[in-house]
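**Q** Based on what follows, work out the 3D shape:
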Amino acid sequence: MADLAESVESVEQLAVVWRAMVLDRDAGADVRDLPGIAVRWADCRFAFWNCVTLTDVGADAELLGQRLGRAADIMRAKKQPGFLWLFEDLLDDSARSALGPAAERAGLQHAFPGTGMAADLLPLPEPVHPDLTFVRVTTDEQLRAYADLNSRAYGMPLTDGRDGLLGSTRWKNEVYAYLGMRGDVPVACAGAVEADGRLFVVLVATAPEWQRRGYGEAVTRKALYEGARATGLTRATLHATVAGAPVYPRIGFTPNSPIHFYGLKG
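**A** Predicted structure coming up:
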């Protein structure tokens, strides 16, 4: 049950954080909570801000099919593409077995995998890295650098990340967002934001040419360190990509639910 509790926590954290993020991007964003479905959709070019997730706990195969069909219909009604985030641990055994065919019938295709993670962090030591200095994002120029690092790391056009983040006051004031600087060049970034009594790690990225040097881990530690110091919070959550999954256990995170990201079939 502890594992399931952390998986429920993981989807609830997504719903809380993404509601704030998409409303920050567009005060008129679609943030409906429907039966078994949370919509968090800014309808902007930054695909991560266009999100639907399933929220039932213990859904069986029949209910899963209904929810996937409804989620796909919601996605088709939008102008910009985005993702359905599906937390596998919230499905019962029959639904897990039926997931592939059910997604196919709904017109969804698997885009990439992820993993929910959580940690009860002891006070972290102040992070250091011999190559880096850390700068908190407080200016438009720094926020643009943060957006561009995410676009490059995830293979998006620079205009997409900028459409998601530029103009935000939340990212410059409420998110503990940091750039890892190698000299005067931003090479990595990570943010932590307070969410329902936890710190949620968001939009960690490293420039492709500077990966595998520990920069992403170092700047994530910095965001968590400063967030914890400012808020007093000791529990943290995140959703890891395949690239990030090996990094976070070194900070103290343990995995819970596998996450499947689906987009609409082309």
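**Q** in the strand ranked longest in the chain, what counts as buried?
**A** In the chain, with assignment by DSSP state E, the single longest strand is strand 108-120. By neighbour count on 16 or more other Cβ atoms under 10 Å, the buried set for strand 108-120 is 108, 114-119. C-beta: built from backbone N, CA, C; applies to glycine.
**Q** Kindly report the same for stretch 219-239.
**A** For stretch 219-239, burial by neighbour count (16+ other Cβ under 10 Å) applies to 219-228, 233, 236-239.
**Q** again, but for stretch 81-93
**A** For stretch 81-93, by 16+ other Cβ under 10 Å, it's 82-92.
**Q** Endpoint to endpoint, that stretch covers what distance?
**A** End-to-end span of stretch 81-93 (Cα to Cα, to the nearest Å): 30 Å.
**Q** before we move on, the earlier item: how far does the longest strand of the chain sit from the chain's center?
**A** Remark: strand 108-120 is offset 9 Å from the chain centroid, using Cα atoms, centre = their mean, to the nearest Å.
**Q** on contacts alone, who are the packing partners of the following helix or strand past it?
**A** Note on strand 108-120: by DSSP states H and E, the next helix or strand toward the C-terminus is strand 133-136. Counting contacts by 3 or more Cβ pairs under 8 Å, 6 or more residues apart in numbering; DSSP states H and E, strand 133-136 packs against strand 176-182, helix 215-231.
**Q** hmm, try it at 6 Å
**A** Identification of packing neighbours for strand 133-136 by 3 or more Cβ pairs under 6 Å, 6 or more residues apart in numbering; DSSP states H and E yields strand 176-182.
**Q** Show the low-confidence segments of the chain, by residue range.
**A** 1-3 (pLDDT under 70).
**Q** In the protein, which helix is the longest?
**A** Counting residues, the longest helix in the chain under DSSP state H turns out to be helix 2-25.
**Q** could you say what helices and strands it packs with?
**A** strand 37-41, strand 50-54, strand 185-195, strand 254-264.
**Q** buried sites along that helix?
**A** The neighbour-count check on helix 2-25 (16+ other Cβ under 10 Å) flags 6-25 as buried.
**Q** re earlier: ok, so of the buried residues of strand 108-120, who is nearest residue 261?
**A** residue 114 (6.3 Å; Cβ to Cβ).
**Q** and the closest residue to that closest one other than its chain neighbours, how far is that from residue 38?
**A** Sequence neighbours aside, residue 259 is the residue nearest to residue 114 in space, at 3.9 Å (criterion: Cβ to Cβ, 6 or more residues apart in numbering). Using Cβ to Cβ, to the nearest Å, residue 259 is found at 14 Å from residue 38.
**Q** what's the answer for residue 212, then?
**A** Residue 212 is 35 Å from residue 38, where distance means Cβ to Cβ.
**Q** For those two, indicate the residue with more neighbours.
**A** Between residue 212 and residue 38, residue 38 has the larger neighbour count (other Cβ atoms under 10 Å), namely 22 against 8.
**Q** Name the nearest residue to that one, ignoring sequence neighbours.
**A** residue 15 (4.5 Å).
**Q** again, but for residue 87
**A** Nearest non-adjacent residue to residue 87, counting by Cβ to Cβ, 6+ apart: residue 257, 4.4 Å away.
**Q** Contacts only, for that neighbour.
**A** 7, 10, 87-89, 116 (Cβ atoms under 6 Å, 6 or more residues apart in numbering).
**Q** Between all of those residues, which two are at the greatest distance?
**A** The most widely separated members of these, counting by Cβ to Cβ, are 10 and 88 (10.9 Å).
**Q** Quick check: beta-bridge partners of residue 30?
**A** On the basis of DSSP bridges, residue 30 is bridged to residue 41.
**Q** Pull the number of nearby residues for it.
**A** 18.
**Q** Repeat that for the one 10 residues further on.
**A** Taking other Cβ under 10 Å as the criterion, the count of residues near residue 40 is 26.
**Q** if I look at residue 168, how far off is residue 75?
**A** According to Cβ to Cβ, residue 168 and residue 75 sit 24 Å apart.
**Q** neighbour-wise, which of the two wins?
**A** residue 75 (24 against 19).
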